[in-house]
Every structure is written in C-alpha cells, then in structure tokens.
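Structure, please.
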Amino acid sequence: MSPLLKHLRPWLEPAVGIVFFALWVVAEVGRQHGGSAWAALVAVAAAIVVSRRWPIAALATVAAVVLLQLLNVLQPPESTTWPVAFGVLIVAFVVALDAPKRVALVGLALGVPLALAAGVLLGLRMNSWVGRGSDEREVEMFFTVAVIALGLYAGAWALGFALRVNLSELRALFLLRTTTAQLGQAEVELQMVRERDRIARDVHDVLAHSLAVVIAQADGARFIRDTKPAQTEQRTDDALVAISDAARAALIDVRTLVEGLREDQGEQPQPGLDEIPALLAQLTRAGMVIDAQHFGDEKPMTPAQQLAVYRIVQESLTNALRHADRAATTRVSFDWRGPGLALGITSADPSGDGSGAPAPTPGNGIRGMKDRARLAGGWLTAGASDTDGEFVVTLFVPTGAEKAGAEKTAGEQSRATEDDAA
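Prediction:
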C-alpha cells in the first residue's frame, strides 16, 4: 500500500457513511417522514462511519435500530425507506474486513437474528405495500425475505472476509519480497566488507614485507658505512638495488590491487608456491639467514590455497625480519609427507623472555594469517616456544581428497589455538 493510500484509508468508512446519508436525503426530498425514520437513517449512517474504528459499537447500533423498529419505538421501514437496511450490509462487510477475528465472527452470527427481523419488518408488511394480504402469503413472504436477507448479509460478510484474507496474503508477499531485497542488499554489503578485508590483508602483507626489506637494506647499508668504509660503495649499491626491487614489486602489487577496485578485470594473477623461492631469496639479500627444508613431494593445491601459503610465509618472515634477531637463523620447513602441507617457520623470540613478538594490529598479522589458513581449509598456530625461546608458526593446509575431512576439524583447531593464545 502506497503512503498516500495508507494515509487516506482511515477516512474511507466515514466518507462512505456521509455519502450514504446524503444520497438518502436527496432521494427522500418531498416525502414526509417522521422524526424516528430520520433517526434510524442517522443511526445506520453513523454505524458505517465508525464500523472500522469501533466495530462492536457499529454492530450494536444496527442491532439496536432493528430492535427498536420491532418494538415500534422507531418507525418501521416503509415502502420507500426500507432500502436503508442496505447500510447494515456495508457494516457487515467492513467488520469482516477490518475487525478482530472474534468480533468478525460475532458480526457473522448477528446476521441470523437480523435476517429474521428483516422477515418480520419487511416480509409481513410487504403485502400491504402492494395491496395484497393473506396469512399464507405473509408467512411465505416472511421466509422469503428472511432467506434473502440472510443470504445478502452472509454474502457481504464473506466478501469482506475474503478481501481480508487476500490483503493479508498480499502483505505477507510484500513483506517477503522486502525482506528478500534487504537480505540481498545485506549479502552484497557483506561481500563488499569481505572484499575490503581481503584487500586490506593483501595491502598489509605487501607493504609490510616490502617496507621491512627496505628498512633492513637501509639499516645494513648505514651499518656497513660506519663499520667497514672499504666495502661501503659495493654494499651500498647492492642495498640500493634491493631497495629498488622491493619498492618496485610493492608498487606493482598495490597498483594491481587498486586497479582491481577501480574496474572489474576478472581474476588478477596471484602469487603461489612457485614464487616462494624468490621471496626467500629477496629476504636473504636483505640480511636474513634462512634455512629452507623440503620433505616429500609437492602436491597440487588450489590457487586460493597457494596464495594463502605464500602470504603466510611472507607475513611470518616479514615479522621475523622486523622483530627478531637478524643474525639468527630462521628455519622454514615444507613437509608434504602427510595428508597435506605442514609448514613450520621458526625464528628467534624478539622479546627474549618467551613472550613472543609484539601483538599484531587487529585484523592483520597473526589474526590475518589464521583467517587465511581457515579459508584455505586448514589451521594455523603462532606463539613463543616454552623451551628454547623461539617463535613458532605452524600451518597445515589439506590437499586433494583430504581437504573435506580436514575442514571438519579446522574450525575446532582454530578456536583451540585462539583460546591457547588468549
């Protein structure tokens, strides 16, 4: 229902009641009727006016008018005034349409005594209006008028109730469509939030790694300049080349992400397992000591899983480069002998007291790595070792047919590790 119709709806019954009264006033111009006849007309019109807002009062009013006519307190219907009874049908229709169901059922039951009263007020008097009269004829007219009146009343009530049911179904359908549209909009917004979160993680990983390499190279060049002047020129050139390569790679990655936001260019190529050796070499040139070990034969992984593994290795080594002792050896092991890839990255604990690396920014760092592992179907743990003062990142990503079974425990493992970290 439009806002305009919703605003005008409460005024419909009052308008119908006023029009009903005005039409009968015009129709009875020139005819002489007693005051009680006009009182009955006013009462029926008033019942129509209040039938939607006060349905019980409307039913009581029309019932009182009929009863007072039976008792001759009000003037009974005449040959020209009896159609006023059609106002009762309007009241029955409105009550069935808008009144509470219990009141609507009371209105339906009221049709029986009103029909019998119509048989008395109209059927028994109709013969006198046409100049005929007999006891048998009066009884016949009584039943005829009563049955017709009951049929008209029940028909008006049924029409109102059917319209009520139809409107209820339309409201439910409108609500369903509105809810569906809202859910669709919410899903779109959720996808946008997820995409922004994914892009934020990628930007964090790219920039954090590249800037860590740049800082390490710059600090290394400055250290060489102060301690070994003879090697300054060559080492400075090497550092500048490494800084340039890292910055150029970061610029390309960020530009790719930004272009993906500006227009839909399909799936952009993402780094995978093949790019990990180049990543290790870049960090080695930055001054890290990395011991990479491989066990078993590499198994096929989906592009999303390869990207997750690459980003986790990148983030872990970047954290080690930023926070840990650069002279210490960082061990990276790729174990393919199980039902998937078991990855372990061990570096020196930067705090030296077993507390681990500084807490990462919420949404990035360790939490971002856990999210990547979970989305890849696996799990990840990260924390300081209690025995040898090292910081250990452990990742497992299932491959092939083992992925389905591993996904069942991935959520439980992720929650358990988060509880341990807490």
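
tell me the mean pLDDT over the helix or strand hosting residue 374?
Residue 374 is part of helix 365-375 when elements are defined by DSSP states H and E. Averaging pLDDT along helix 365-375 yields 84.

Which elements pack onto that helix?
Judged by 3 or more Cβ pairs under 8 Å, 6 or more residues apart in numbering; DSSP states H and E, the packing partners of helix 365-375 are helix 135-227, helix 303-323, strand 379-384, strand 390-398, helix 402-421. All C-beta atoms are positioned from the backbone trio N, CA, C, and that covers glycine.

from memory residue 396 sits against residue 378, does it?
Yes. Contact criterion Cβ atoms under 8 Å: residue 396 and residue 378 qualify, at 4.8 Å.

More neighbours: which of these two?
A direct count of neighbours by other Cβ atoms under 10 Å for residue 396 and residue 378 places residue 378 higher, at 28 against 23.

For that one, which non-adjacent residue is closest in space?
Leaving aside its chain neighbours, residue 378 sits nearest to residue 397 (3.9 Å; criterion: Cβ to Cβ, 6 or more residues apart in numbering).

what sits up against stretch 298-317?
With contacts defined as Cβ atoms under 8 Å, 6 or more residues apart in numbering, stretch 298-317 is touched by 201-202, 205, 208-209, 270-273, 275-276, 279-280, 283, 288, 290, 330, 332, 334, 336, 340-341, 343, 345, 347, 365, 368-369, 372-373, 375-377, 380, 382, 393, 395, 397, 399-400.

Quickly note the distance from the residue sitting nearest the centre point of the chain to residue 189.
Nearest to the geometric centre of the chain sits residue 183, at 3.5 Å (Cα atoms, centre = their mean). Distance, residue 183 to residue 189, using Cβ to Cβ, to the nearest Å: 11 Å.

cool, and residue 196?
For residue 196 relative to residue 189 (Cβ to Cβ), the value is 10 Å.

and what of residue 345?
Computed with Cβ to Cβ, the distance linking residue 345 and residue 189 is 36 Å.

which of these two has more neighbours?
residue 345 (23 against 10).

isn't there a strand covering that one?
Yes. Going by DSSP: H, G, I helix; E, B strand; the rest coil, the assignment for residue 345 places it inside a strand.

how much space between it and residue 385?
Distance, residue 345 to residue 385, by Cβ to Cβ: 12 Å.

Quick check: neighbours shared by those two?
Common neighbours of residue 345 and residue 385 (Cβ under 8 Å, 6+ apart) are residue 392.

returning to what we had before: list the buried residues for the helix holding residue 374?
Burial within helix 365-375, assessed by neighbour count using 16 or more other Cβ atoms under 10 Å, is assigned to 365, 366, 367, 368, 369, 370, 371, 372, 373, 374.

Only the C-alpha atoms, please, for it, written as PDB.
The C-alpha trace of helix 365-375 is given here as PDB (Å, rounded to 0.1, in the frame of the first residue of the first chain):
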ATOM      1  CA  GLY A 365      49.300 -10.000  11.500                       C
ATOM      2  CA  ILE A 366      48.700 -13.300  13.200                       C
ATOM      3  CA  ARG A 367      44.900 -12.900  13.100                       C
ATOM      4  CA  GLY A 368      45.100 -12.300   9.400                       C
ATOM      5  CA  MET A 369      47.200 -15.500   8.900                       C
ATOM      6  CA  LYS A 370      44.700 -17.500  10.900                       C
ATOM      7  CA  ASP A 371      41.900 -16.200   8.700                       C
ATOM      8  CA  ARG A 372      43.800 -17.100   5.600                       C
ATOM      9  CA  ALA A 373      44.500 -20.600   6.900                       C
ATOM     10  CA  ARG A 374      40.900 -21.200   7.900                       C
ATOM     11  CA  LEU A 375      39.600 -20.000   4.500                       C
END
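
now it, how far from the chain's geometric center?
26 Å (Cα atoms, centre = their mean, to the nearest Å).

Then stretch 184-194?
9 Å.

now stretch 187-199
From the chain centre to the centre of stretch 187-199 is a distance of 14 Å (Cα atoms, centre = their mean).

Kindly provide the whole-number mean pLDDT of it.
On average, stretch 187-199 scores 74.

Quick check: closest non-adjacent residue to residue 82.
Excluding its sequence neighbours, the residue lying closest to residue 82 (Cβ to Cβ, 6+ apart) is residue 122, at 5.8 Å.

Check the gap between the one you found and residue 27 for me.
Note on residue 122: its distance to residue 27, by Cβ to Cβ, is 18 Å.

The two: which has the busier surroundings?
More neighbours surround residue 122 than the other of residue 122 and residue 27, with 21 against 12 (other Cβ under 10 Å).

Residue 22 belongs to a helix?
Yes. Counting by three-state DSSP, residue 22 is part of a helix.

Near it, how many other residues are there?
Applying other Cβ under 10 Å, we find 11 residues neighbouring residue 22.

Kindly report the same for the one 4 residues further on.
The local packing count at residue 26 equals 8, with neighbours defined by other Cβ under 10 Å.

Model confidence for residue 418, exactly?
pLDDT recorded at residue 418 is 47.

Now do the residue nearest to residue 158 when sequence neighbours are not counted, the pLDDT please.
Once flanking residues are discounted, residue 158 sits nearest to residue 96: 7.4 Å by Cβ to Cβ, 6+ apart. Note on residue 96: pLDDT of 89.

these two touch, right, residue 143 and residue 123?
Yes. The pair residue 143 / residue 123 is scored as a contact, 7.4 Å apart, by Cβ under 8 Å.
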